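Chemist: sequence and computational prediction follow.
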Amino acid sequence: MLCVLLEIMRRTLHASSDEVGVRLSRPVTIYDVAAYAGVSISTVSQTINRPNRVNPTTRERVLKAIEDLEYMPKAEAVSHARRGVGRIGVLGPFTSYDSFRRRLAGVLREADGISREVVVYDHESASVSLSPLLRTLPITGRIDGLLVMGLPLDDLLAQHLLTRGLATALVDSRRPEFSSVTTDDESGGAMAARHLIERGHQRFAFLSEQQRSDGYVSSSQRRNVGFTQALAQAGLPTDVPTVLSDNDLGASRRALPELLALNPVPTAVFASHDLLAAGLLAECRRTGVRVPDDLAVVGFDDGPVAEAAGLTTIRQPFEESGRVGARLLGDLLGGSATGVRHIELALELVVREST
């Protein structure tokens, strides 16, 4: 073990400035990684298989060792040799948003067509670091490809996935290196604004979910950009106030007094997604605020909640986006992909009683 560590240190000290990583003259083992990181082999194994259970500082040392040494676990080497394990991974905020559960349903319906099992990895939101999971998934050998839903990839993670050669496609996010399927949030926001303008409204407010990180541009922010751009094109003021809410019905119900306290009082509210809009509508009806006479409400997504609430909304093709994403990944795995493809699905305005 000491000889291995000394050899790694020697190669590190004498590596040229443009050399990427550290290379041994034989296949790298888990013992090499443990020695390089100064941890036990059980800690390396835990980092690969359950990264969230490892102390962040220790985990980072192990991940850096894996990347520097270009370590490939034996399981991954075996899976490469037999050309796949027959599984794809799907990563997204499934327990946080119903919209992603509906996208997942589309993936599952398509999975039979690509003859692979689906392994679901739930990730709370884009505000929580993706790094440990996405840095370990490509080296576990458990999946042949990965579908990432609604979670942005930074440059380092994107490069890591490319370097490790894990076939990856994106749904509801986009990078130039990966095939993706998206909708245009800005155009959806503009649809909502134009509809309200046609109804005669000139005083507006946004109801948006609290964003916990400034490290990415959210779909809510893009929808609001499209909304204000449409107001500008119509010659209306664009300084639309935003009221923030947590992602639940109770919080959006409590937003009504804050909206009605704005000066001037809005006659129309654009909510960044339907759950917020539905809570707002429920509170309007409870307190006697007439919808749409006193306050019109538009949401974004469409589904059973919007239909039950009589909510005007922007319909997204959730199930279709999941099917198309799975198809893109299947093409990558089957060797029939002709290059990176970016597919944009159409949105639709659905008018109901709330406007």
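Modeler: Nice, I can see it.

Chemist: so who does Leu196 touch?
Modeler: Phe204, Ala268, Phe270, Ala296, Val298, Thr355 (Cβ atoms under 8 Å, 6 or more residues apart in numbering). All C-beta spots, glycine's among them, are computed from the backbone N, C-alpha and C.

Chemist: what about 10 Å?
Modeler: Counting by Cβ atoms under 10 Å, 6 or more residues apart in numbering, Leu196 makes contact with 202, 204, 227, 230-231, 267-270, 292, 296-298, 312, 355.

Chemist: just the ones in strands from these, please.
Modeler: Per DSSP state E, strands hold the following members of these: Phe204, Ala268, Val269, Phe270, Ala296, Val297, Val298, Thr312.

Chemist: just to revisit the earlier point, out of the contacts of Leu196, which is nearest to Arg109?
Modeler: Proximity of the contacts of Leu196 to Arg109 (Cβ to Cβ) peaks at Thr312, which lies at 28.4 Å.

Chemist: list buried residues within the contacts of Leu196.
Modeler: 204, 227, 230-231, 267-270, 292, 296-298, 312, 355 (16 or more other Cβ atoms under 10 Å).

Chemist: output those as a markdown table; include the columns pLDDT and distance to Ala35.
Modeler: Output for the buried ones among the contacts of Leu196, formatted as a markdown table (pLDDT from 0 to 100; distance: Cβ to Cβ, whole Å):
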| residue | pLDDT | distance to Ala35 |
| --- | --- | --- |
| Phe204 | 98 | 61 |
| Phe227 | 98 | 56 |
| Ala230 | 98 | 60 |
| Leu231 | 98 | 61 |
| Thr267 | 98 | 68 |
| Ala268 | 98 | 64 |
| Val269 | 98 | 59 |
| Phe270 | 98 | 57 |
| Pro292 | 97 | 68 |
| Ala296 | 98 | 65 |
| Val297 | 98 | 61 |
| Val298 | 98 | 59 |
| Thr312 | 98 | 62 |
| Thr355 | 97 | 65 |
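
Chemist: Leu134 - that's part of a strand, no?
Modeler: No - secondary structure of Leu134 (DSSP: H, G, I helix; E, B strand; the rest coil): helix, not part of a strand.

Chemist: what number of residues lie near the residue nearest to it when sequence neighbours are not counted?
Modeler: Once flanking residues are discounted, Leu134 sits nearest to Leu157: 5.2 Å by Cβ to Cβ, 6 or more residues apart in numbering. Neighbours of Leu157 under the rule other Cβ atoms under 10 Å: 19.

Chemist: same check, this time on His342
Modeler: 14.

Chemist: OK, contacts around it?
Modeler: Counted by Cβ under 10 Å, 6+ apart, His342 has contacts Leu170, Arg174, Arg175, Pro176, Phe178, Ser179, Ser180, Val181, Thr182, Leu328.

Chemist: what's the spacing between it and Arg174?
Modeler: Using Cβ to Cβ, to the nearest Å, one gets 6 Å for the distance from His342 to Arg174.

Chemist: between those two, what contacts are shared?
Modeler: Ser180, Val181, Thr182.

Chemist: could you dump the buried ones among the contacts of Leu196 into TSV and include distance to Ala192?
Modeler: Shown next, in TSV, are the buried ones among the contacts of Leu196 (distance: Cβ to Cβ, whole Å):
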residue	distance to Ala192
Phe204	10
Phe227	6
Ala230	8
Leu231	11
Thr267	14
Ala268	9
Val269	10
Phe270	5
Pro292	13
Ala296	10
Val297	10
Val298	5
Thr312	8
Thr355	9
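
Chemist: pick the one among those closest to Gly165.
Modeler: Among the buried ones among the contacts of Leu196, and counting by Cβ to Cβ, the member closest to Gly165 is Phe227, at 40.8 Å.

Chemist: go ahead and confirm the closest one touches Phe270.
Modeler: Yes - in this structure, Phe227 is within contact of Phe270 by Cβ atoms under 10 Å, at 5.6 Å.

Chemist: and the helices in the stretch 51-200 of the chain?
Modeler: Assigned by DSSP state H, counting those that start in this stretch, the stretch 51-200 of the chain shows helices spanning 56-69, 74-81, 98-114, 131-140, 155-164, 185-198.

Chemist: circling back to that earlier point, hey, what's in contact with both of Phe227 and Phe270?
Modeler: Joint contacts of Phe227 and Phe270 (Cβ under 10 Å, 6+ apart) are Gly189, Ala192, Ala193, Leu196, Phe204, Phe206, Val240, Val298.

Chemist: could you identify the most distant pair in the residues you listed?
Modeler: Val240 and Val298 (12.9 Å).

Chemist: next, show the common contact partners of these two.
Modeler: Ala193, Phe204, Phe227, Val269, Phe270.

Chemist: let's have the residues you listed in a markdown table, adding distance to Pro56.
Modeler: Listed next are these as a markdown table, based on distance: Cβ to Cβ, whole Å:
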| residue | distance to Pro56 |
| --- | --- |
| Ala193 | 43 |
| Phe204 | 43 |
| Phe227 | 38 |
| Val269 | 40 |
| Phe270 | 39 |
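
Chemist: closest to Arg53 out of the contacts of His342?
Modeler: Among those, and counting by Cβ to Cβ, the member closest to Arg53 is Leu170, at 27.2 Å.

Chemist: give me every residue that touches that closest one.
Modeler: 146-153, 158, 177-182, 325, 328-329, 342.
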